[in-house]
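Trainee: Return a 3D structure for these sequence lines:
(one chain, ligands or ions: 1)
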Amino acid sequence: MIVFIGGGNIAEAIFTKIPPSEIIVIEHNETRINYLTNKYPDLKIYRSLDQTTHKDDLIVLAIKPQSAKEACLNIANKISTSNVLSVMAGINTATLASWLNNDKISRAMPNTPGTLNMGVTGLYFSDKIQDEIRVKITDLFKNIGLTYVFDNEDSINKITAVASSAPAYVFYFIESLIDSAIKNFNFSEAEAKEITLQVVKGSLAMLEKNPDLPIATLRNNVTSKGGTTAAAIDIFEEHKVKELISQAELACYNRALELGDILDQ
Ligand SMILES: NC(=O)c1ccc[n+]([C@@H]2O[C@H](COP(=O)([O-])OP(=O)(O)OC[C@H]3O[C@@H](n4cnc5c(N)ncnc54)[C@H](OP(=O)(O)O)[C@@H]3O)[C@@H](O)[C@H]2O)c1
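Mentor: Predicted structure coming up:
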């Protein structure tokens with residue numbers, strides 16, 4: 001049995017591919033319980049870990065880092081012999097081991113496109129994790145997308161910046177394209193969204209169809225010198241958009257480190 005503590009977005013991305021008979025979700029938010037009950041009628045959902053019995057389960061910690069210490073201290077005596085997998089950003093295995101009095105801790109850093117089997121996950125296993133559990137956890141994430149196993153824990157913070165938080169960066173860019181089409185050119189919201197999504201899907205399809213072509217070549221192919229596209233790209237260059245994106249990813253990585261430090265107290 002796999003027990004999820006927290007049944008939010010990321011738990012859902014992971015458990016959609018597991019048969020409901022093999023999982024239990026511990027969730028205390030009524031709105032979320034209603035949503036999960038409606039969407040997954042066969043799922044076993046409890047409000048507290050006290051309502052279930054289990055000894056050798058895999059426990060997945062899928063709550064916000066800010067709620068983690070209290071939640072861990074509350075359940076520590078019930079899961080001191082279980083394998084624990086944290087999907088939480090920032091909090092490292094040593095901190096979790098001290099809160100839970102249990103050193104069988106693994107970490108996973110997935111992302112929400114996993115819900116559509118298009119996820120990216122980074123995994124890290126502490127020394128105490130047996131091979132059988134490593135395989136079980138790795139298979140869980142291979143089911144929902146690309147999976148990378150790291151031998152150093154800091155790579156979990158790096159994949160947080162590069163993949164786990166990255167769908168939000170992509171959504172932000174797409175939102176900006178839609179907003180501009182509405183604001184500058186008076187397209188209706190529906191038209192602006194339809195046009196922009198087609199552009200994004202078409203561009204991605206071109207990238208996938210030409211895997212060996214540098215992305216810059218595809219971009220240059222539609223950017224004649226002195227032309228209309230060049231006028232737009234010049235603005236990106238003038239405002240150093242690539243540098244901004246680099247700074248944003250570094251800020252994300254640094255926040256993961258910071259969260260680890262703040263919460264490790
Ligand atoms: N979202 C992502 O893309 C992503 C990617 C990688 C990793 N992560 C990590 O995944 C973790 C969860 O993120 P999320 O986006 O899934 O958060 P979320 O949607 O807020 O889900 C957490 C759920 O757990 C509930 N909860 C909190 N404490 C609980 C407890 N002690 N017992 C039972 N239920 C509890 C929360 O209810 P209340 O809100 O009412 O407390 C909430 O419904 C975070 O640590 C984040 O760093 C997220």
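
Trainee: Phi and psi next, for the residue in the stretch 1-150 of the chain positioned nearest to the ligand.
Mentor: Nearest residue of the stretch 1-150 of the chain to the ligand, counting by Cβ to the nearest ligand atom: Gly8, 1.7 Å away. C-beta: built from backbone N, CA, C; applies to glycine. Backbone torsions of Gly8, given as degrees, to the nearest 10, read phi -80, psi -160.

Trainee: just checking, it touches Leu61?
Mentor: No: taking contacts as Cβ atoms under 8 Å, Gly8 lies outside contact range of Leu61: 11.5 Å.

Trainee: more neighbours, these two?
Mentor: With neighbours defined as other Cβ atoms under 10 Å, Gly8 and Leu61 compare such that Leu61 has more, 27 against 17.

Trainee: which residues of the stretch 151-265 of the chain fall in strands?
Mentor: In the stretch 151-265 of the chain, no strands are defined using DSSP state E, counting those that start in this stretch.

Trainee: where in it is pLDDT low?
Mentor: 263-265 (pLDDT under 70).

Trainee: And for the residue of it found nearest the ligand, the neighbour number?
Mentor: Among the residues of the stretch 151-265 of the chain, Ser164 lies closest to the ligand, at 3.9 Å counting by Cβ to the nearest ligand atom. By other Cβ under 10 Å, 26 other residues sit near Ser164.

Trainee: cool, Ala161 as well?
Mentor: 21.

Trainee: Also the one 10 residues further on?
Mentor: Neighbours of Phe171 under the rule other Cβ under 10 Å: 10.

Trainee: ok so, going back, show me what contacts the residue of the stretch 151-265 of the chain closest to the ligand?
Mentor: Ala89, Met109, Pro110, Asn111, Val120, Gly122 (Cβ atoms under 8 Å, 6 or more residues apart in numbering).

Trainee: what about it, distance to Leu244?
Mentor: The gap separating Ser164 from Leu244 is 20 Å, by Cβ to Cβ, to the nearest Å.

Trainee: Ok, Asp127 next?
Mentor: Relative to Leu244, and taking Cβ to Cβ, Asp127 is found at 39 Å.

Trainee: Mind listing what's buried along stretch 173-190?
Mentor: Buried residues in stretch 173-190, counted by 16 or more other Cβ atoms under 10 Å: Ile178, Ala181, Phe187.

Trainee: Contacts for it next, please.
Mentor: Glu191, Ala192, Lys193, Ile195, Thr196, Leu197, Val199, Val200.

Trainee: Show me just the buried residues among these.
Mentor: Here, 16+ other Cβ under 10 Å leaves Ala192, Lys193, Thr196 buried among the contacts of stretch 173-190.

Trainee: quick one, what contacts the last one?
Mentor: Contact analysis of Thr196 by Cβ under 8 Å, 6+ apart lists Ile174, Leu177, Ile178, Ala181.

Trainee: of all the residues you listed, which comes closest to Glu70?
Mentor: Ile174 (36.4 Å; Cβ to Cβ).
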